[in-house]
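1. Structure for the following, please:
(2 chains)
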Amino acid sequence: MSAVLDSLLRVDLSRVSAHVLEGLKAKTMTLSASNGNVYWAADSGKTGIVAQLPLVPVSAQELESAEQLLQIGRAVQGAQAAAVTATAVSTAVVVGAIVVATAYLARKIDTVERAVKGVALTVDQQDRREYLDRMSDYTGAIQAASELLQSRAPQGEMASQAELRLDDLARSRHQLLVFIRGLPQLVESPEQTTQAQYELALQFMLGMLDLIPAALAVERELCLAANKPALARSRINDAGPQFRDVLESFRQWCEGQYRRLALGQGGFADVLLAQRPALNRLFNVATHDLLLGGFDAVLATEITNAAVQIVESPPSTTEPDRVIP
Amino acid sequence: MALKYRKDEGLAVLALSGHDDLQRLVRVLTHDESDGEKRRTQQLLDDPSYRAAAGQGDLRPAWKAIAAELQAYGGDSIANAWRSLTQDHTGVAYREIVIDICDHLKLGVKPSTDIKELEDQLLVALICGGKDKFEPENLARIMEEVADGAGLKECLQGNVALDDLLQRIAIDAKVSYLAALAAPAIASTTLPFLARLTLPTVLAVVAPRMGAALVPGLNVAAATSALMLLTSPAYRVTLPAVLEVIRIRRRVLLSPMDAREVA
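-> Numbers count the residues shown, from 1 in each chain, chains lettered A, B, ... in the order given. I've put the predicted structure just below:
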């Protein structure tokens, strides 16, 4: 757990200037969850970085006190559950840091890529195989974006690299969602599908739908790094609902498969039995709300809840946020 | 002769059921409740997959072995042995078992009928078979108490007229579940062995409330009903087992895939 803890930072809200706190609360500014930079929001009439907020390491107690973080923590390190209490931890920042962390993404991407290879072996049509190649392109691009965001490269260098990747990521994601929406119809007929094909397709859809909220968070960070706050907002406001539609459609399909089995109308009982816990986790995971709810909204709530005393001029000894001219 | 599961869509519902429901079904299949002894013909308790699952306290991974035991009871032992040698399974499909019971009840069902529809017809026949033993208001009261005990009273909509309820079995999942709970209790008045085998499940839901409406009926040891046709030894296992499967199917249908189970 210590390796994860070392890489997690949170904003020390007590040392953030009133000007920036108010901007974040009013959403005229937006925070990069991966590096603590505050940018002018799309509708603010200004552009660029406003400030770099003071970040401090997350303590073990703070980490364990946030339920959402524990869910992610378990995925990363197998941490044990602990009592959930109210916390002043800047959840948005910590979650962003975890999501961008290579270990967290790598685990999800590895799951998906294994499933993609399996599905590719069972798909005959050439156009479907090309689709699957693009799925791998997307996961690879997300991994590379994550590494870029963690590289701490100079701002100008990072911005140009980030901008180059944005279009491709969005295009691949759209194709991916279209494919996931259509895949269930290809495998739902027991007469035309083997159990192995059905299981691979289900694992692929599970893995991809589990990855996309985290991938969207990475895309959002990449947009901010490219100095495009409007695009960053659209990643959450537009792409988020698209993902939820696909997830809901998948949930209804699974429910239909479950009912067919229960009514004795056929299906793959062993596969559904084995995958049922994973499916229920996917449909009920709280992390999606956090990732798709928008970091700015979460942060604004935290600022309000933390009841931080807003100081106009923090003492110089506490290293307040650096306002960038 | 080892148990061999025959792919059976009618029993795939067992894969979706819970440990407790499977445990009740296992008890019906493996023990003679008249003396509490293990059935001599049962093979399930010695099946490796069943033993492993029972050891883990979760019978769900052993659903195929449990289904195979029920399939084996549906066929006669010589035919089972032949099928085991030639067809890689030992028993008969669940549908055949249900149709066999329906035939004995002279229901005249079509073999092509949907499995849930077949089961609904069996439930209706068993409930109607109790009409001779109960006053209409007592039958209605049983349904009401079962609904109350199962937390589904709202599905009666204030109307507990038996004939109306029977018509709703095919179209209302909750009424169908209530019928699956009430049918063994009602039928046990003419088939006393059912009282020992399946009534504990029903009473677990409704016991404190059931009162005199049902208990006197349980003491009726014999009847001239057509249901007496079902008292041959094979049906003493398959009928209560089928009633358990019927109850499990309706319970599963009432629970969405990611929701908590109903009572």
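2. Break the chain down into its structural domains.
-> With no chain named, the answer covers chain A. Structurally, chain A divides into domains by automatic domain parsing as follows: A:2-98+A:301-323, A:101-293.
3. try again with chain B
-> According to automatic domain parsing, chain B comprises the domains B:1-92, B:112-263.
4. weakest of the ones you listed in terms of mean pLDDT?
-> Mean pLDDT is lowest for domain B:112-263 among the domains of chain B, at a mean of 68.
5. quick one: the residue in the stretch 51-200 of chain B positioned nearest to chain A and A:L290, what's the gap?
-> Residue of the stretch 51-200 of chain B nearest chain A, by Cβ to the nearest Cβ: B:I115 (3.9 Å). Glycine gets a C-beta too; all of them are placed from N, C-alpha and C. To A:L290, B:I115 is 44 Å away according to Cβ to Cβ, to the nearest Å.
6. count of residues packed around the residue nearest to A:Y138 when sequence neighbours are not counted?
-> In space, and not counting its chain neighbours, A:Y138 is closest to A:S172: 3.7 Å by Cβ to Cβ, 6 or more residues apart in numbering or on different chains. A:S172 has 20 neighbouring residues, counting by other Cβ atoms under 10 Å in any protein chain shown.
7. Also B:D35?
-> Neighbours of B:D35 under the rule other Cβ under 10 Å: 7.
8. go on, the one 3 residues further on?
-> Neighbouring residues of B:K38 were enumerated by other Cβ under 10 Å; the total is 12.
9. residue ranges for the strands of the chain, please.
-> With no chain named, the answer covers chain A. Secondary structure of chain A (DSSP state E): strands located at A:9-11, A:29-31, A:37-40, A:49-52, A:55-57, A:322-323.
10. other chain: chain B
-> Under DSSP E, chain B gives strands at B:31-32, B:37-38.
11. Point out the most buried one among the ones you listed.
-> Most buried of these, by mean neighbour count (mean count of other Cβ atoms under 10 Å in any protein chain shown): strand B:31-32, with a mean of 16.
12. Could you check stretch A:177-190 against chain B for contacts?
-> No - Stretch A:177-190 stays clear of chain B (Cβ under 8 Å from any Cβ of the partner chain), getting no nearer than 9.0 Å.
13. For that stretch, buried residues please.
-> Under the neighbour-count criterion of 16 or more other Cβ atoms under 10 Å in any protein chain shown, stretch A:177-190 has A:L177, A:F179, A:I180, A:L183, A:P184, A:L186, A:V187, A:E188 buried.
14. circling back: pick out the shakiest of the strands of chain A, pLDDT-wise.
-> strand A:322-323 (a mean of 55).
15. if we can go back for a sec, count of residues packed around the residue of the stretch 51-200 of chain B closest to chain A?
-> Neighbourhood size, B:I115 [other Cβ under 10 Å]: 23.
16. try A:T194
-> Based on other Cβ under 10 Å, the number of other residues close to A:T194 is 12.
17. ok, now how distant is it from chain B?
-> Per Cβ to the nearest Cβ, to the nearest Å, A:T194 is found 13 Å from chain B.
18. interface residues of the stretch 101-250 of chain B facing chain A?
-> Counting by Cβ under 8 Å from any Cβ, the stretch 101-250 of chain B sits next to chain A at B:D114, B:I115, B:K116, B:R249.
19. Spell out for me the PyMOL command that would select the buried members of those residues.
-> In PyMOL syntax, the buried subset of those is picked out as below (16+ other Cβ under 10 Å):
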select buried, chain B and resi 115+116+249
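20. Any idea which of the domains of chain A has the lowest pLDDT on average?
-> domain A:2-98+A:301-323 (a mean of 60).
21. Just the helices from the stretch 51-200 of chain B, written as ranges.
-> Assigned by DSSP state H, counting those that start in this stretch, the helices in the stretch 51-200 of chain B fall at B:63-74, B:77-86, B:94-104, B:115-129, B:136-149, B:162-168, B:173-187, B:192-210.
22. quick one: B:A93 and B:Y5 touch, right?
-> No - counting by Cβ atoms under 8 Å, B:A93 stays clear of B:Y5, with 11.0 Å between them.
23. need the residues of chain A near chain B, please.
-> Neighbours of chain B within chain A, by Cβ under 8 Å from any Cβ: A:251, A:254-255, A:258-259, A:261-267, A:269-270, A:272-273, A:276, A:279-280, A:283-284.
24. Now list the buried members of the residues you listed.
-> A:251, A:254, A:258-259, A:261-264, A:266-267, A:269-270, A:272-273, A:276, A:279, A:283.
25. doesn't B:S17 make contact with A:L273?
-> No - taking contacts as Cβ under 8 Å, A:L273 lies outside contact range of B:S17: 10.0 Å.
26. list residues touching both of those two?
-> Counting by Cβ atoms under 8 Å, 6 or more residues apart in numbering or on different chains, the common neighbours of A:L273 and B:S17 are B:R60, B:W63.
27. what do B:A93 and B:Y5 both touch?
-> Common neighbours of B:A93 and B:Y5 (criterion: Cβ under 8 Å, 6+ apart): B:Q71.
28. Report the contact partners of A:H174.
-> Residues counted as contacts of A:H174 (Cβ under 8 Å, 6+ apart): none.
29. Now with 10 Å, please.
-> Counting by Cβ atoms under 10 Å, 6 or more residues apart in numbering or on different chains, A:H174 touches A:Y138, A:A239, A:Q242.
30. Neighbour count added to those residues, as CSV?
-> Below are the contacts of A:H174 laid out as CSV (neighbours: other Cβ atoms under 10 Å in any protein chain shown):
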residue, neighbour count
A:Y138, 25
A:A239, 21
A:Q242, 14
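31. if you look at the residues you listed, which of them are in helices?
-> Secondary structure from DSSP state H places A:Y138, A:A239, A:Q242 of those in helices.
32. I'd guessed the second one sits against A:V218; true?
-> No - here A:A239 does not reach A:V218: they are 11.9 Å apart, not a contact under Cβ atoms under 10 Å.
33. so how far is chain A from the residue lying closest to B:Q42 once chain neighbours are set aside?
-> Of all residues not flanking B:Q42 in the chain, B:T30 sits nearest, at 4.4 Å (Cβ to Cβ, 6+ apart). B:T30 sits 22 Å away from chain A, going by Cβ to the nearest Cβ.
34. any idea how far A:A196 is from A:G118?
-> From A:A196 over to A:G118 the distance is 8 Å, taken as Cβ to Cβ.
35. Please read the previous query as pertaining to B:K133.
-> The gap separating B:K133 from A:G118 is 59 Å, by Cβ to Cβ.
36. Same check on B:A12?
-> B:A12 sits 24 Å away from A:G118, going by Cβ to Cβ.
37. Settle it for me: which of these two has more neighbours?
-> Taking neighbours as other Cβ under 10 Å, B:A12 and A:G118 compare with B:A12 leading, 27 against 17.
38. was I right about the more buried one contacting A:L263?
-> Yes - the criterion here is Cβ under 10 Å, and B:A12 meets it with A:L263 at 9.5 Å.
39. Show me the common contact partners of the two, please.
-> Common contacts of B:A12 and A:L263 (Cβ under 10 Å, 6+ apart): B:R249.
40. Figure out how far stretch B:100-113 is from the centre of its chain.
-> Here stretch B:100-113 is found 16 Å from its chain centre; the criterion is Cα atoms, centre = their mean, to the nearest Å.
41. picking up where we left off before, thought the residue nearest to B:Q42 was touching B:A54?
-> No - applying Cβ under 10 Å, one finds B:T30 not in contact with B:A54, separated by 11.0 Å.
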